[in-house]
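[1] let's see this in three dimensions:
(3 chains)
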Amino acid sequence: MQKKIEFEKSSVNFQISYKENLNPSQLEAVTCTKGPLLIIAGAGSGKTRTLVYRVARLIEEGVSPASILLLTFTRKASQEMLKRASLLLDGRCGKVSGGTFHSFANTVLGKYAPQIGYTEGYSIIDRADSESLIGMIRKEISKISGNRSFPRKSTLANIFGTAVNKGICIEETVEDYYNHLIIFLDEIEVIYEKYKIEKIRHKFFDYDDLLVYLLRILKEFPDIRKKISAKYSHIMVDEFQDTNKIQAEIIYFLASENRNIMVVGDDSQSIYSFRGANFENIMTFPDLFPGTKVIKLEENYRSIQPILNLTNIMISMAENRYPKHLFTKIKGGSKPLLVEADCENSQSLFIVNEIKKLKKTGIALNEIAVLFRAGFHSFDLELELNGEGLPFIKVGGFRFAESAHIKDLIAIIKVFSNHRDKISWYRILLLMDRIGQKTADRLYKKIVEEKSAYEGLTALKSLKVWTQDLERLWNLFSFFNANPLISVTQTGEAALEYYLPFLKSKYDNYPKRLKDLEQLLTIMDRFKSINQFLADMTLEPPNTSFNDSFSMGATDNNRLILSTIHSAKGLEWHTVFVIWTLNGRFPSVQSFRQPENLEEELRLMYVAATRAKKRLFFIYPTNIYDKISGTFLNSPSCFLEDIQENALEKCFINR
DNA sequence: CCACACTCATTTTTT
DNA sequence: ATGAGTGTGG
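    You can find the predicted model right below:
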């Protein structure tokens, strides 16, 4: 300690006064810039602040920005941090390499994919694409079909994802997590093998592949590993509790040369185990990197004490591996409130009412959030908010990029970029009249024989099925062909012109969808190349749906936030409403079966509660009929029911 | 071979 | 409310 202070005084003159802006633990985390470091950061303990200051500190110490790697959960998070660091220090911070594991993998693979046989580039497929590919294989295989209970393509995708992310085989996955499907094990395995082959044939990477292949390159090519890991002298990983085994291994190899690796996480906030995240990663980190220094951040700067009292009780119900006790210096405030409503609509009305009251006391709408377990939980509330003219923005749940019309338009652009893309061709062809499965199949086979989409389409001209739709598509591609230098947006505009008739005939709410597509065109404006746009769309799809019936123009950023809890990670608001805290819904009925699932639900509730700065409400409707169990759900979430009145106030409301 | 209408089962969370 | 499978008619 003594030494460090002298060092700070003598050798470098820092622009920023770290000591005045950070508490002792934070300061230690920021100034310890050599060797492996594990930060256990409780909710609201200034984790982001610490990362931001550490970036600035490293740069002030003379580390080149490009050799700092900041891996975060979403790209928005890293951009936000680097922006804050830039404000703190200067523009150099913006040059730090930052992003998600997936986008980082994409950058590396862009350079080294030829090493693993992907010589002519690749496309990244999102979840929906990978499901359609699986669906095609599934159809071929299930001539045995007629069996209704054969798993759907989405279930199959889940099984495959779980297997990869947990690093276990299909058999084990089915046994452990999908035991009711064990009778189909053979078929599932066949489909999986075919899926892998198809991906390679089409040069597709799904989300998991990005990580898998990155790891493979790091593992199997020591010279490349050396090069990459030497490049990044300092690595920081945020939300480490939500990384999986593959990601932990990637970290291990990336840090192999310099060993200046800092990971930040909170085992109590691990909420992604369904995706293979393993908070054991936090526990085993010190074994992976001997000599790891562990620092705990326990002072909470976000919430008032009454909220912390409650969340401390909640998390004490979990098996806590790194025990911590959060405290705050923020005084006063009122106890969290648990509200029973007699039906879903009175739950919504209660919230609308409270929001109106808060507005009157001067709280901005964007300082208020309503959080829920699943995307559809907010439907009734959305109607009510629309009726009241309260503007809101919804984050999480159904995604903009996954809606059919967006995917349709993107499919056109995709086959332009990669004319072998089977998934997209099917999408485009099946839109057309008189073309179904079989014809699409035939046409696709002919198209891939040619060198480009344009030539492929030209080759179809002689066929009987040549229709007006195909003629129009051919026109579009000959336009692309004749104008190779048009911008991304111009490409999109031309594609939209082609697509418009389909949009009109397919959807009766087409003006609304057209607005989405126009929105997409403005997004495209930011990109220099089509491939960059496509990669970005899949790696970081816009996560809000434009529920803009009441967008109200200019007040854009002053809107109420509706969000899934997963999407609310890391954020905070003055007031938080958690809805549907009904036993059987949250925790969900399914999670009662396995204790570890139940525990994850508890952590999820903990994450929701710790988002609140000043006021916290839990609301649940009663008398909800549950089809699965055939009973009526009436009690509050078991995570809240037994908490005493001195930590949680309770009340009832009726319409 | 395709379109359309009907049935049954199914509902998290996301890069 | 939505998707996937089935059956029928063009």
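[2] max-length strand in chain A?
    Using DSSP state E, we find that the single longest strand of chain A is strand A:612-621.
[3] where's that one relative to the chain centroid, distance-wise?
    Chain-centre distance of strand A:612-621: 24 Å, with CA atoms, centre = their mean, to the nearest Å.
[4] quick one: residues in contact with that strand.
    Strand A:612-621 is contacted from outside by A:302-304, A:307, A:310, A:333-334, A:336-344, A:346-347, A:350-351, A:354, A:572-582, A:585, A:609, A:636-637, A:640, A:648, using CB atoms under 8 Å, 6 or more residues apart in numbering. For the C-beta atoms, the positions are set from N, CA and C on the backbone; glycine is no exception.
[5] how close does the residue of the stretch 201-350 of chain A found nearest DNA strand C sit to A:Tyr625?
    When distances are taken as CB to the nearest atom of the strand, the stretch 201-350 of chain A reaches nearest to DNA strand C at A:Glu344, 13.4 Å away. A:Glu344 sits 11 Å away from A:Tyr625, going by CB to CB, to the nearest Å.
[6] and if you look at A:Asn260?
    Distance, A:Asn260 to A:Tyr625, using CB to CB: 56 Å.
[7] and these two? Which one has more around it.
    Neighbours per residue (other CB atoms under 10 Å) separate A:Asn260 from A:Tyr625, with A:Asn260 holding more: 21 against 9.
[8] now do the contacts for the more buried one.
    So A:Asn260 contacts A:Thr33, A:Lys34, A:Gly35, A:Pro36, A:Ser233, A:His234, A:Ile235 (CB under 8 Å, 6+ apart).
[9] I'd say the third one and A:Gly291 touch.
    Yes. A contact is recorded between A:Gly35 and A:Gly291 when judged using CB atoms under 8 Å, the distance being 6.1 Å.
[10] more neighbours: these two, which one.
    Neighbour totals were compared for A:Gly35 and A:Gly291, and A:Gly35 leads with 14 against 9 (other CB under 10 Å).
[11] quick one, what contacts that one?
    Contacts of A:Gly35 by CB under 8 Å, 6+ apart are A:Arg259, A:Asn260, A:Gly291, A:Thr292, A:Lys293.
[12] is A:Val264 in a helix, a strand, or coil?
    Secondary structure, DSSP: H, G, I helix; E, B strand; the rest coil: A:Val264 is strand.
[13] neighbours of it, just the number please.
    25.
[14] and A:Ser303, helix, strand or coil?
    coil.
[15] so it versus DNA strand B, what's the distance?
    As for A:Ser303, its distance to DNA strand B is 23 Å (criterion: CB to the nearest atom of the strand, to the nearest Å).
[16] now that residue: phi and psi?
    When read as degrees, to the nearest 10, the backbone of A:Ser303 gives phi -110, psi 160.
[17] what's the neighbour count on it?
    28.
[18] that one and A:Ser462, how far apart?
    70 Å.
[19] so what does the helix or strand harbouring A:Ser229 touch, helix or strand wise?
    Secondary-structure assignment from DSSP states H and E places A:Ser229 in helix A:222-231. If contacts are counted by 3 or more CB pairs under 8 Å, 6 or more residues apart in numbering; DSSP states H and E, helix A:222-231 sits against helix A:207-220, helix A:245-254.
[20] the longest one - contacts with which helices or strands?
    Right, helix A:207-220. Helix A:207-220 packs on helix A:101-112, helix A:153-166, helix A:222-231, helix A:245-254, going by 3+ CB pairs under 8 Å, 6+ apart.
[21] and these as TSV, adding mean pLDDT, distance to DNA strand C and mean neighbour count?
    Listed next are the helices and strands packed on helix A:207-220 as TSV, based on pLDDT from 0 to 100; distance: least, CB to the nearest atom of the strand, whole Å; neighbours: other CB atoms under 10 Å:
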stretch	mean pLDDT	distance to DNA strand C	mean neighbour count
helix A:101-112	92	24	19
helix A:153-166	88	6	20
helix A:222-231	93	39	14
helix A:245-254	94	27	21
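[22] nearest to DNA strand B, of these?
    By CB to the nearest atom of the strand (comparing all of the helices and strands packed on helix A:207-220), the closest turns out to be helix A:101-112, at 3.8 Å.
[23] which ones are touching the closest residue to A:Val108 other than its chain neighbours?
    By the measure of CB to CB, 6 or more residues apart in numbering, the closest residue to A:Val108 outside its immediate chain neighbours is A:Leu214, 5.6 Å from it. Going by CB under 8 Å, 6+ apart, A:Leu214 touches A:Phe104, A:Ala105, A:Val108, A:Leu109, A:Ile250.
[24] restricted to strands, list the contacts of A:Gly35.
    Per DSSP E, the subset of the contacts of A:Gly35 in strands is A:Lys293.
[25] DNA strand B: which of the contacts of A:Gly35 is nearest?
    A:Asn260 (24.1 Å).
[26] circling back: any chance of the helices and strands packed on helix A:222-231 in JSON lines, with distance to A:Ile523 too?
    Supplementary listing: these in JSON lines, determined by distance: least, CB to CB, whole Å:
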{"stretch": "helix A:207-220", "distance to A:Ile523": "20"}
{"stretch": "helix A:245-254", "distance to A:Ile523": "28"}
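[27] of those helices, which is nearest A:Lys451?
    Nearest to A:Lys451 among the helices and strands packed on helix A:222-231 is helix A:207-220 (25.9 Å), distances taken as CB to CB.
[28] now that closest one: buried residues?
    A:Tyr207, A:Asp208, A:Asp209, A:Leu210, A:Leu211, A:Val212, A:Tyr213, A:Leu214, A:Leu215, A:Ile217, A:Leu218 (16 or more other CB atoms under 10 Å).
[29] now pLDDT and distance to DNA strand B too, for those residues, in CSV please.
    Conversion of the buried residues of helix A:207-220 to CSV gives the following (pLDDT from 0 to 100; distance: CB to the nearest atom of the strand, whole Å):
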residue, pLDDT, distance to DNA strand B
A:Tyr207, 92, 4
A:Asp208, 92, 7
A:Asp209, 93, 11
A:Leu210, 94, 8
A:Leu211, 94, 8
A:Val212, 94, 12
A:Tyr213, 94, 14
A:Leu214, 95, 13
A:Leu215, 95, 14
A:Ile217, 93, 18
A:Leu218, 94, 18
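[30] export the residues you listed to JSON lines and tack on distance to DNA strand C?
    Shown next, in JSON lines, are the buried residues of helix A:207-220 (distance: CB to the nearest atom of the strand, whole Å):
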{"residue": "A:Tyr207", "distance to DNA strand C": "19"}
{"residue": "A:Asp208", "distance to DNA strand C": "20"}
{"residue": "A:Asp209", "distance to DNA strand C": "22"}
{"residue": "A:Leu210", "distance to DNA strand C": "24"}
{"residue": "A:Leu211", "distance to DNA strand C": "25"}
{"residue": "A:Val212", "distance to DNA strand C": "25"}
{"residue": "A:Tyr213", "distance to DNA strand C": "27"}
{"residue": "A:Leu214", "distance to DNA strand C": "30"}
{"residue": "A:Leu215", "distance to DNA strand C": "30"}
{"residue": "A:Ile217", "distance to DNA strand C": "34"}
{"residue": "A:Leu218", "distance to DNA strand C": "35"}
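[31] just those now: which is nearest A:Ser487?
    When the buried residues of helix A:207-220 are compared against A:Ser487 (criterion: CB to CB), the nearest one is A:Leu210, at 27.2 Å.
[32] surely the closest one touches A:Gly110?
    No. Contact between A:Leu210 and A:Gly110 fails when scored by CB under 8 Å: they sit 10.8 Å apart.
[33] quick check: the gap between A:Met317 and A:Pro595.
    For A:Met317 relative to A:Pro595 (CB to CB), the value is 12 Å.
[34] comparing these two, which shows the higher neighbour count?
    A:Met317 (15 against 10).
[35] hang on, the more buried one packs against A:Leu602?
    Yes. Using CB under 8 Å, A:Met317 is in contact with A:Leu602, at 6.2 Å.
[36] need the contact partners of stretch A:637-646.
    Contact partners of stretch A:637-646, identified using CB under 8 Å, 6+ apart, comprise A:310, A:313-314, A:317, A:338, A:581-583, A:586-587, A:601-602, A:605, A:618, A:620, A:635, A:648.
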